[in-house]
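Trainee: Just a sequence and a predicted model for now, questions to come.
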Amino acid sequence: MGELFGTDGARGIAISSFTCETAMQIGRAVAAVFCKEAQKPKIIIGLDTRVSAEVIQSALVSGICSMGADAVIVGVVPTPAVAVLVKKNNACAGIMITAGISDYRYNGVKIFGADGFRISRDDEQQLEALVEKGEFELKSGRDIGHIYYDKDGQWDYVRYMLKLVDSDFHGIKVAIDCANGAAYDCAGKIFRGLGASVLLINDLPDGENINRNCGTLELYGLIKTVVEEHCDLGLAFDGDGARCIAVDEAGRVLDGDRLMAIFAAFMQFSKKLNNNGCVVTKMTNSGFYKFARDAGIVTTATKVGGLHVIDEMRRSGFNLGGEKSGNIIFLDDETTSDGLLVGTKLMTVMKLSQNKLSELGKIMTANPQILLDAHVKEENKKKWRENSEITQLIVTYSGKLGTEGRIYVRESGTEPLVRIMIEGKKTGIITEYAKNIAETIERIYG
C-alpha cells in the first residue's frame, strides 16, 4: 500500500483504490487510537453527497463497531459540522467521508480528534501503520459497538452557526453555489435564518454532479446569477463546504487572498486580530504581502494545506489564516476551515462597514498569477524533482522573471497532479512558461 494520508486526509478513487477494506481498517484504527481511554467511546460520522459515500460509510462503521466503539451517523453535513459535533457530543473522534474538491469518482476521509481539530501528521502516520499491519483485537458479543442515527446533527450545526453571527443580513441578497455537495441543505437554512434573501444554485445533488462545473472550481454560473438577479454578492462553496470563494455585485471574483485581506483589515480595525498577524501559504499572491506591509500586519507563510496553516496559527497565536483556494480559518470560532462561516463573516463586514463588496475588494491589488496542473501517473508525482530537463526549465524561467516574478511547483497531496504557479508582470509570458513546464512534466511522467 502506498502513502495513505496526503495533505488533506486520505483519498483515492472510490472502491477501486480507496476500498471498503481500507475504510473498515481506518475505522478500526481510529477506534483503537482515539477511543482506548474512553468509558463510553463514540465516533461522529458525516458524509457528503458522492454516490460512494454510503458504501464507504457502511465499511467505516463496521470497523468502528468491531472495536467496541459506537458510531453516531449524522448524515450529509459540511466537513466543519463534524468538528463542531465532535466537541458538542464529547466524542472520541469525528470522521468526514469526503474527497473535498475532487470529482465524484474520488472518496476518502478527514479525521478530527476530540478537541475538534484535524489530527496531526504523527497521528495519521500511526493510523497508517495500523492499517498497514491490519492486526486488531476485535470485540464480540455484547462488547460490539452500536450504531446511532443523530437526526438533529445538521440542525445542531445550523444553530451553532446562527449563534456566531451578531448582526442580521436583512437587505442583503446573496446567490449561493452549493457545488451539489455537503452544504446543499444547510446553506439556505443558515443564511435565510440570518435574514438574507437567498438564491441557491447547484443544490440538487445526484451523487455524480458534486463539484462538476460548479462551486469554487467553476464560477461562471454564480457570476451569471449574481449579475442577472441583481444580487449584492455570490458565495461559492466546494463539495464538502470547507472552502469559499466570493463574487461581488458586478461579477468580479474575490479569491481567498482577497478575502483574507478584507478580514485581516477588518479584524485589525476592530482590534480582534491576535498578535496583529495572520498565516498564509506559499501560493498566496504577492499583492497580499504588499497590502499587509502597508497595513503593518505580520504575515507568516507555510506549505500549502489547511493543516499546515492551522498548525502555524496555533504555534504563533494567530486567529486568522487561509489560502488562495478559499480555505480560511477563524480560530476564535471554529477549529477548521468553514466556507459557510467565511460567507457569514464577509456579509458581516459588508453590513457593519456599509460598503458594497466591490469597494471592499479594492483593498489589495493582485499581481498576475497563473495556476496550471500537470497530469501524471500517481507513482510519478514526485519524480519531476529529479529530472534535470524539468528542473533546468524552472531555473531558466526563474532567471528570466528575476525579482519581478516567482515560480512555485509542487505535487498535489491528494490527486495525481503536479501543480504549477507562476507570478510575473506580464500575463502572456507567465502563461507561456507555465504551459511549457506543464507540458514537459506530462510528456515525461504523464
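Mentor: Sure thing, it's come through.

Trainee: contacts and neighbour counts: CA atoms only from here.
Mentor: Will do.

Trainee: Show me what stretch 126-145 is in contact with.
Mentor: Stretch 126-145 is contacted from outside by 1, 3-5, 22, 25-26, 28-30, 33, 64-71, using CA atoms under 8 Å, 6 or more residues apart in numbering.

Trainee: residue boundaries of the helices in the protein?
Mentor: Secondary structure of the chain (DSSP state H): helices at 20-34, 53-66, 79-88, 121-133, 153-164, 186-193, 220-228, 256-269, 286-295, 306-316, 339-353, 357-360, 388-401, 427-445.

Trainee: And the shortest one, what's buried?
Mentor: This means helix 357-360. Going by neighbour count (16 or more other CA atoms under 10 Å), the buried part of helix 357-360 is Leu357, Ser358, Leu360.

Trainee: what's it in contact with?
Mentor: Under the criterion CA under 8 Å, 6+ apart, residues Asp232, Leu233, Asp248, Glu249, Ala250, Arg252, Ile262, Met350 lie in contact with helix 357-360.

Trainee: surely the second one meets Glu249?
Mentor: In other words, Leu233. Yes. If you go by CA atoms under 8 Å, Leu233 and Glu249 touch, sitting 5.0 Å apart.

Trainee: neighbour count winner among those two?
Mentor: The neighbour count for Leu233 versus Glu249, taken as other CA atoms under 10 Å, is higher for Leu233 (30 against 22).

Trainee: can you pull the contacts of that one?
Mentor: Under the criterion of CA under 8 Å, 6+ apart, the contact list for Leu233 reads Lys173, Val174, Ala175, Val226, Ala246, Val247, Asp248, Glu249, Leu357.

Trainee: out of those residues, which is most surrounded?
Mentor: Ranked by neighbour count (other CA under 10 Å), these have Ala246 at the top, with 30 neighbours.

Trainee: Spatially, and excluding backbone neighbours, which residue is closest to that one.
Mentor: Across the structure, with CA to CA, 6 or more residues apart in numbering as the measure, the residue nearest Ala246 apart from its sequence neighbours is Leu235 (4.6 Å).

Trainee: Likewise for Glu411?
Mentor: Nearest residue to Glu411 in three dimensions, chain neighbours excluded: Val418, at 4.2 Å (CA to CA, 6+ apart).

Trainee: quick one: strands adjacent to the worst-scoring helix or strand of the chain on mean pLDDT?
Mentor: For the chain, using mean pLDDT, DSSP states H and E, the weakest element among its helices and strands is strand 5-6, scoring a mean of 80. Strands adjacent to strand 5-6 in the sheet, as given by DSSP bridges, are strand 9-13 (antiparallel).

Trainee: how far is the partner strand from where the chain is centred?
Mentor: Strand 9-13 sits 14 Å away from the centroid of its parent chain (CA atoms, centre = their mean, to the nearest Å).

Trainee: Output that strand as PDB, restricted to C-alpha atoms.
Mentor: Output of strand 9-13 as PDB, limited to C-alpha atoms (Å, rounded to 0.1, in the frame of the first residue of the first chain):
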ATOM      1  CA  GLY A   9      -6.800  13.400   4.700                       C
ATOM      2  CA  ALA A  10      -6.900  10.100   2.900                       C
ATOM      3  CA  ARG A  11      -8.500   9.700  -0.500                       C
ATOM      4  CA  GLY A  12      -8.400   7.800  -3.800                       C
ATOM      5  CA  ILE A  13     -10.700   6.500  -6.500                       C
END
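
Trainee: Show me what counts as buried in that strand.
Mentor: By 16+ other CA under 10 Å, the buried positions in strand 9-13 come out as Gly9, Ala10, Arg11, Gly12, Ile13.

Trainee: can you list the residues that contact that strand?
Mentor: Defining contact as CA under 8 Å, 6+ apart, one finds that strand 9-13 is touched by 4-5, 18, 98-99, 105-111, 414-415.

Trainee: switch to 7 Å and redo it
Mentor: In this structure, residues lying in contact with strand 9-13 by CA atoms under 7 Å, 6 or more residues apart in numbering are Leu4, Phe18, Ala99, Arg105, Tyr106, Asn107, Gly108, Val109, Lys110, Thr414.

Trainee: Give me the spatial nearest neighbour of the third one, chain neighbours excluded.
Mentor: Taking CA to CA, 6+ apart, and ignoring the residues beside it in sequence, Ala99 has Asn107 as its nearest neighbour in space, at 4.5 Å.

Trainee: So what's the residue count around the one you found?
Mentor: When neighbours are counted by other CA under 10 Å, Asn107 registers 27.

Trainee: now swap in the one 3 residues further on and tell me
Mentor: Here the number of neighbours of Lys110 (other CA under 10 Å) works out to 21.

Trainee: Residue numbering should commence at 42 henceforth.
Mentor: Sure, I'll start numbering at 42, so the last one becomes Lys151.

Trainee: Show me what it is bridged to.
Mentor: When assigned by DSSP bridges, Lys151 has beta-bridge partners Met137.

Trainee: contacting residues around Ala223?
Mentor: For Ala223, the residues meeting the contact criterion (CA under 7 Å, 6+ apart) are Asp89, Thr90, Val117, Val118, Pro119, Gly280, Asp281, Gly282.

Trainee: Select from those every entry located in strands.
Mentor: Cross-referencing the contacts of Ala223 with the strands (criterion: DSSP state E) gives Val117 as the overlap.

Trainee: Highest neighbour count among the contacts of Ala223?
Mentor: Sorting the contacts of Ala223 by how many neighbours each has (other CA under 10 Å) puts Gly280 first, at 34 neighbours.

Trainee: For that one, give its distance to Val102.
Mentor: Note on Gly280: its distance to Val102, by CA to CA, to the nearest Å, is 22 Å.

Trainee: next one: Gly346
Mentor: With distances defined as CA to CA, the gap from Gly346 to Val102 amounts to 28 Å.

Trainee: Could you double-check that the residue nearest to Ala287 lies in contact with Lys214?
Mentor: No. Contact between Leu276 and Lys214 fails when scored by CA atoms under 7 Å: they sit 11.0 Å apart.

Trainee: Excluding chain neighbours, give the residue nearest to His187 in space.
Mentor: Leaving aside its sequence neighbours, His187 is closest to Asp111 (4.7 Å, by CA to CA, 6+ apart).

Trainee: beta partners for the one you found?
Mentor: Here Asp111 shows beta-bridge partners Lys83, assigned using DSSP bridges.

Trainee: quick one, phi psi at the closest residue to His211 other than its chain neighbours?
Mentor: The spatially closest residue to His211, leaving aside those adjacent along the chain, is Gly236, at 4.6 Å (CA to CA, 6+ apart). Backbone torsions of Gly236, given as degrees, to the nearest 10, read phi 100, psi 0.
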